[in-house]
Each structure stands twice: as structure tokens, then as C-alpha cells.
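Enquirer: Whatever this is, show me its structure:
(2 chains)
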Protein chains: 2
Amino acid sequence: MKIAKLLYDTSERNSDLLYLGKFVAPDAFLAMEVGGKRIAVLSRLEYGRAKRESAFDEILSYETLKDDARARFSKDDGLVGIVRLLKERYAVTRFLISEDCPVGFFRKIETLGVEVGPLFPERQHKSEAEQNAIAKSNDIAKKGFRLVQKILKESKTRGNKLYYKGKILRSEFLRQAIEVEALQNGFSAQHTIASSGEQSADPHCVGTGPVYADALLVVDIFPRNLKTGYFGDMTRTFLPKSPSTQQLKMYKAVEEAQILAIGKLKNGVDAANIHKAIEAFFEKAGFHTTQTEGFIHSTGHGVGLDIHEHPRISKTSPDKLQAGHVITIEPGLYYQSVGGVRIEDVFAITQHGFVKLS
Amino acid sequence: MKIAKLLYDTSERNSDLLYLGKFVAPDAFLAMEVGGKRIAVLSRLEYGRAKRESAFDEILSYETLKDDARARFSKDDGLVGIVRLLKERYAVTRFLISEDCPVGFFRKIETLGVEVGPLFPERQHKSEAEQNAIAKSNDIAKKGFRLVQKILKESKTRGNKLYYKGKILRSEFLRQAIEVEALQNGFSAQHTIASSGEQSADPHCVGTGPVYADALLVVDIFPRNLKTGYFGDMTRTFLPKSPSTQQLKMYKAVEEAQILAIGKLKNGVDAANIHKAIEAFFEKAGFHTTQTEGFIHSTGHGVGLDIHEHPRISKTSPDKLQAGHVITIEPGLYYQSVGGVRIEDVFAITQHGFVKLS
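Expert: Numbering: from 1, shown residues only, chains lettered A, B, ... in the order given. Here you go, the predicted model:
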């Protein structure tokens, strides 16, 4: 029984493929892992670059394989012919493809013997190098927060608005400034959130329009290293110069909730229990949760080559935290009348505790 | 027979989903088109924003549907339950999913009656608004070329290298300058190519290291509007200050090839014939093509919400160009000893000819 993991996608979109070959390519290509060997099939447009840059052990020419397959099977059926040829050459019994493999490709190769399942569950466990890469991405997030802090400090208040260099300070300006700075450091910070006041009560609202002088400002930055693909993920909430009692109370509750959650991080702990402890804490502190307000998202998630990956720290999570897991801890509270508060950091679980990667 | 088009993906990754709902969301969600009605199922995190921003006719609450499905079918099977419920409520006979739908999702809903096929072939035909959006993205590419021109003009030559503001001018610097400028205009210009000399002979090499004073410089910019998702796609090749006879000859051949191809653009023409004409032209001009050198890519491709989409202008393309198609024309020549030349513009086919969108 020789099982080959088979992938067909772009490595921009498919993190398993990026994990396998450490090669960023904009067009879909075929790759396989069999008997510990990593093999890629690349067209002449990518062949040379992959030889130089990728971690594949063997790089096969798409054009040559296509000709070989046509000769071997006396017909031209493109990718399918190549997969048939690979099956023969590497004596593969069955292929394993991932749940996110395109159904069109699956149906073309189905008759060759295909199972569907997770390809690299070991991706959850990050090596020291991977943990360092994530920490470096968080350094870029921190640069973003310092930039926001500087802009807020240099802004002047007129009425309920902030003015930066004579212009109304807008979420769009903050987001762009953060994203440009990230790009200048070799990182992509797409979908950065900088949401003020009412908008911050909607955790996914990226923010548009004025940053209000008397409102909470939620800034969530998740920079991705353009070379390695590893994400960072941090959130800070900026209080207005003269915060209201309510804003302060909410901020402190979230801060305490995060400390409470961090205190529970260790090898073997039930992720769901961490989430439930935060829920209970907020309820006890008087911050009730409804369908639309309160603590309306999970406590955290794995982060790596995908911004959201296993394990999950939520009410229904079946996961236990294990050494090598890298997760966010990001409690938050959201009320239309006050706005949102979220504080997010990243931690690696170790045998005997955790390390902060943010 | 009531067929519902069904999608489950992120609209960042899935252009069909973006096309349907004109709503950019970072997490996967369920959407359906049935009887001309566009329906999305969104969690409380996206519900409000979708109501305000999207083009969906109906937005259903994921949480409510999940409860309804559990009550109706007396079990909690997540997404599948919701799809079953939708099938019942909208009297759907069969679902149509796309070839790129994740196989995991397909296998969960397979028993409900599912066909696999193209969802929106009409995406190939661009409306005036879509053509304008593409032209605007090309305006950003043009800004990039002007920036490169300015930097080259202000650079000084020492030996075979260029120096800009006292530092060796590098591909990385050019690419970043272009990408930052695009971002400042609300566009993403990921994977911009600025490759000099030998590297430019590899059409997909994004470029690293020095820009050489005596070499060809290929700059390929494909900016995507961060709001609408429409791409532009243009390439310019910059000649050195004192080009060699060979460089000049190659540049002129590519220029002429592009003019030749553009002259063939009209409603009803066979795409493959355009490609073959360019191949013949290059051969006749003495530029031979092997497996790795010469005219080693296709003449062009459709561009829209995906950077590469139908129709294709290649040797084996079955497509006929039709009014409303928006395509690139990008002949190129690549030789290790000389470098690469590519010139790329974008055109919309009309009833009686074409319009240039770049």
C-alpha cells in the first residue's frame, strides 16, 4: 500500500502546497508527496525558478510528462494522463487529496483510486523556525500600532473628530498607512481593520470614514510574509484621550479576560474550556452576550500559513492544546452603544507552558 | 426543474462568488442563485455589512438557519442541514456547483442532487461598467510605468549597474515602489514583475538583484481594485540607454507582432489563428522557438475578476473572440543570451472591432 498525497492548486491559495514545496507560484500546478519525497510538475515557465527556489526534491517538466503520457496511453488527456503516469512510475496504490481540492480535478482522477482527507495535520505543530517567522510577522503588526499611536498623538481634536495634518483623520488613511508600511517591509497586510466607534462594534468591519475623538478605535493587523507565507495576527484597541467610564470598564474587562485565558495555556488543556471560562468571566462582570452583542466570537484560533487554522478555541472546539500549537488569544466585547474592544496576541504552547510570539 | 447555483467559498478566492454578490468577505460563506434571486447565508459577523454593501437580494442569518435546520431535521449537521433546508424552502430540484468547488463540500451535499459545471459563463462578456473598471486598473499600471521611467531617468550608470539616490537600483526596489503606489490608490499590485537581463528571459521571474545598465528590463503590472476586484494587466519592456542591435531587433519584432495581433481583433475571429499568426511572424523574422526559448507563452488571455480567465489566445484554444470579451495581447520573446521582451495591452472586442482598455 503506497499512498501518495496529491495536490493541484496555486500555492498562493493552498497553504498545504506552500507547506510542501515552500514555493510561491501564481498558477495552479500539480505536486505529490510519496515515500517522503516531494515532487512537483511544473511548466517551462516555472521549472527553472522552482529548481532554484523551492524545497521540492524532484521537479518534473509538465511538457515532457505530457508527451510521455500521450505516448504511453495513446491519447492526450492532459493532467489526468500525467497523474496516471505518475501513479505507474511511482507505484502508487492510492492518492490522498484534501477536502479543499477542486471537485472538477477530483472527478477527473477519481477512477485512479482517490481518498479524501487531511494531508498535513502536522501543520498545526510549528517548528522553532515557523514560530520565529510568525513572531517576525507580529513585529510588523507592532510597527503598525506604533504608527497609529504616532498619528493619533499628532492629531488635533475639533468637535468629535480628529484632524491629522489639517485633514479629518479617516479609517481608510490609517489602514492604508499600515498596509503601505507592511509592504515596505516585505509583508502584505491585506484587510487591516481600523474601525472607530459604532463600526468597531462589528468585529469584521474594516472601517470607513472619520475616526472619532471620543470613540474606541479597534486596530487588527495580520501581516503575511510575502516570501514564506507565515501570518502574524494582533489587535489593539485605542481608547480616546478622555475615555468614558463605560469605555474604560469594557477595556479593563477585556484586558482581564485575556490575562485569564493566557493563564490557562498549557499542553493538554481543552480549548473549549478556555472559551467557556472567558464567557463566564464576562457574564459575571456584567457583560452579557446576545445573538448580536457582547462576546460574539471565539477566543482564538491557530495561525500559520493560513490566518485561521486549527486548533480552534471556541465553545464547540474538540481540540486540546498541544506543544507546538501557535494560537491567538483575542477576547472582545461589542455593543452598538459603546463600540468594540478586542485585544489579541499570539502564543506558542510548549511542554511546560507557553511563549508569547507577539 | 428548478436548478440553483450553489457556492461555498470566500469571495476573495472565488471570483464567481464575488461576481454574484459584489461582496468581499475573508471567510467562506454559502450563496445561491435560484430563479434569478441572489441569496447569501452569512454569520452575525458579516450579516450587517452584507446588508449595507452587497448586491445580494436576500441575506439569511447563518445562526437562524442552523437552528431551523436542526429543528426541521432533528439533527445538527451544520452546513449540510442548511443546504437541505434551502433546497426545501426554495423548491430546488438540483444544485449546480462549479468545478473549483471544494470536494469536501461536494461530498457532503452530493446526495441532495448536485451537478458540476460552469456557473457564470457570461462572466466572459464584460459590461461597459466592467470594461471601465478594467481600464481604471490599467491606469494604475500606467502610473507604475511612469514611476519606473522616472526612477530610470534619475539613475546614474556606473559600470554595468544603475544607481538610484546613491544606491544600486534593484528589482526589489522597483517592484515595491510600484506596489506601494498601487496600494496608495486603493489597488493591490501583488506579484509585479521587474526583471532585468537574464532574469527577464524567464517570463514568470518577478526579479531580484540589480537592474543592469545594459540589459532589457521587463515590467509586468496587474493591479486589482481592492473594492471591485477587477484586474488590469499591462507589460512594458524598457530598453537600456544604448541598446544593442540584437536588443533593438527583438524589441521591434515584438512591437510589430503586437500590432499584427491587434489588427486581427474582431468579433468572431478564431483565437488560435491569432496565436498561430504571431508564431509564424516570429519564425519568419528569425526568432525561433524551442522548448525553453523564443515565443514560449500564449498570445493572450481574458482578464476580469480573475487575472487569467476565458477566453484564451493560444495554439490549442477552442475560443472564438466575441463582442464583450476583454483580452490581453502580449507577444514576447525570451532568449537566455539577450533577455526578454514583452509588450502587453488590454482590448475589449466590440461588434465592429475593438476598444483599447490600456
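Enquirer: In the stretch 151-300 of chain A, which residue sits nearest chain B?
Expert: For the stretch 151-300 of chain A and chain B, the shortest gap (C-beta to the nearest C-beta) falls at residue A:204, measuring 4.7 Å. Every residue, glycine included, has its C-beta placed from N, CA and C.
Enquirer: again with the stretch 101-250 of chain A
Expert: Across the stretch 101-250 of chain A, the shortest distance to chain B (C-beta to the nearest C-beta) belongs to residue A:104, at 2.7 Å.
Enquirer: what about that residue, neighbour count?
Expert: Residue A:104 has 18 neighbours, counted by other C-beta atoms under 10 Å in any protein chain shown.
Enquirer: residue contacts, it?
Expert: Residues in contact with residue A:104 (C-beta atoms under 8 Å, 6 or more residues apart in numbering or on different chains) are B:98-100, B:116.
Enquirer: what does the model give it for pLDDT?
Expert: Listed pLDDT for residue A:104 reads 93.
Enquirer: give me the element it is part of.
Expert: Element membership for residue A:104, per DSSP states H and E: helix A:103-109.
Enquirer: same check, this time on residue A:150
Expert: In this structure, residue A:150 sits in helix A:128-153 according to DSSP H and E.
Enquirer: mind listing what's buried in that helix?
Expert: Buried residues in helix A:128-153, counted by 16 or more other C-beta atoms under 10 Å in any protein chain shown: A:130-131, A:133-141, A:143-145, A:147-148, A:151-152.
Enquirer: Report the distance from it to the chain centre.
Expert: For helix A:128-153, the separation from the chain centroid amounts to 15 Å (computed by C-alpha atoms, centre = their mean, to the nearest Å).
Enquirer: how would you label the residue nearest to residue A:25 when sequence neighbours are not counted: helix, strand or coil?
Expert: Nearest residue to residue A:25 in three dimensions, chain neighbours excluded: residue A:11, at 5.2 Å (C-beta to C-beta, 6 or more residues apart in numbering or on different chains). Following DSSP: H, G, I helix; E, B strand; the rest coil, residue A:11 is assigned to coil.
Enquirer: can you pull the contacts of residue A:322?
Expert: Neighbouring residues of residue A:322 by C-beta under 8 Å, 6+ apart: A:124-125, A:267-268, A:311, A:349.
Enquirer: whoops, I mixed them up, residue A:225
Expert: For residue A:225, the contacting residues are A:133, A:136-137, A:186-187, A:231, by C-beta under 8 Å, 6+ apart.
Enquirer: 6 Å - rerun?
Expert: Applying C-beta atoms under 6 Å, 6 or more residues apart in numbering or on different chains, we find residue A:225 in contact with A:137, A:187.
Enquirer: so it bridges to which residues?
Expert: In this structure, residue A:225 bridges to residue A:187 when assessed by DSSP bridges.
Enquirer: Which parts of the stretch 101-250 of chain A are helices?
Expert: With helices called from DSSP state H, counting those that start in this stretch, the stretch 101-250 of chain A shows them at A:103-109, A:128-153, A:171-184, A:245-263.
Enquirer: So for residue B:281, which of the ones you listed sits nearest?
Expert: Evaluated over the helices of the stretch 101-250 of chain A, closeness to residue B:281 peaks at helix A:103-109, with 35.4 Å, by C-beta to C-beta.
Enquirer: Can you give me the buried ones in that closest one?
Expert: A:103-106, A:108-109.
Enquirer: Show me how far it is from its chain's centre.
Expert: Taking the mean of its C-alpha atoms, helix A:103-109 sits 27 Å from the chain's own mean (C-alpha atoms, centre = their mean).
Enquirer: Using a markdown table, lay out the helices of the stretch 101-250 of chain A together with distance to residue B:162.
Expert: Shown next, in a markdown table, are the helices of the stretch 101-250 of chain A (distance: least, C-beta to C-beta, whole Å):
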| stretch | distance to residue B:162 |
| --- | --- |
| helix A:103-109 | 45 |
| helix A:128-153 | 29 |
| helix A:171-184 | 21 |
| helix A:245-263 | 50 |
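Enquirer: mind showing which ranges of the stretch 51-200 of chain A have poor pLDDT?
Expert: For the stretch 51-200 of chain A, no stretch has pLDDT under 70.
Enquirer: Run through the residues of it sitting next to chain B.
Expert: Residues of the stretch 51-200 of chain A found near chain B (C-beta under 6 Å from any C-beta of the partner chain) are A:99-104, A:106, A:116, A:179-180, A:183, A:191.
Enquirer: If you rank these by neighbours, which is first?
Expert: Within those, most neighbours by other C-beta under 10 Å means residue A:101, with 26 neighbours.
Enquirer: ok, now which ones touch that one?
Expert: residue B:103.
Enquirer: Ok, residue A:41 next?
Expert: A:30, A:60, A:62, A:65.
Enquirer: Flag every residue of the stretch 251-358 of chain A that's near chain B.
Expert: Within the stretch 251-358 of chain A, the positions near chain B by C-beta under 6 Å from any C-beta are residue A:292.
Enquirer: any chance you could map the strands in the stretch 251-358 of chain A?
Expert: Taking DSSP state E, counting those that start in this stretch, the strands of the stretch 251-358 of chain A run over residues A:300-302, A:309-313, A:326-329, A:332-335, A:339-342, A:345-350, A:353-356.
Enquirer: Let's have the ones you listed in CSV, adding mean pLDDT.
Expert: Formatted as CSV, the strands of the stretch 251-358 of chain A follow (pLDDT from 0 to 100):
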stretch, mean pLDDT
strand A:300-302, 98
strand A:309-313, 96
strand A:326-329, 98
strand A:332-335, 97
strand A:339-342, 97
strand A:345-350, 98
strand A:353-356, 96
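Enquirer: and residue A:167, which of those strands is closest to it?
Expert: Closest among those, using C-beta to C-beta: strand A:339-342, at 22.8 Å.
Enquirer: Can you give the domain ranges for chain A?
Expert: By the assignment in automatic domain parsing, chain A contains the domains A:3-119, A:124-356.
Enquirer: Of all the ones you listed, which one is nearest residue B:218?
Expert: Residue B:218 sits nearest to domain A:3-119 of all those, at 13.4 Å, using C-beta to C-beta.
Enquirer: for that closest one, how far is the first residue from the last?
Expert: 11 Å (C-alpha to C-alpha, to the nearest Å).
Enquirer: Also stretch A:202-221?
Expert: For stretch A:202-221, the first and last residues are 16 Å from each other (C-alpha to C-alpha).
Enquirer: in that stretch, what counts as buried?
Expert: Those would be A:202-207, A:210-221, for stretch A:202-221 by 16+ other C-beta under 10 Å.
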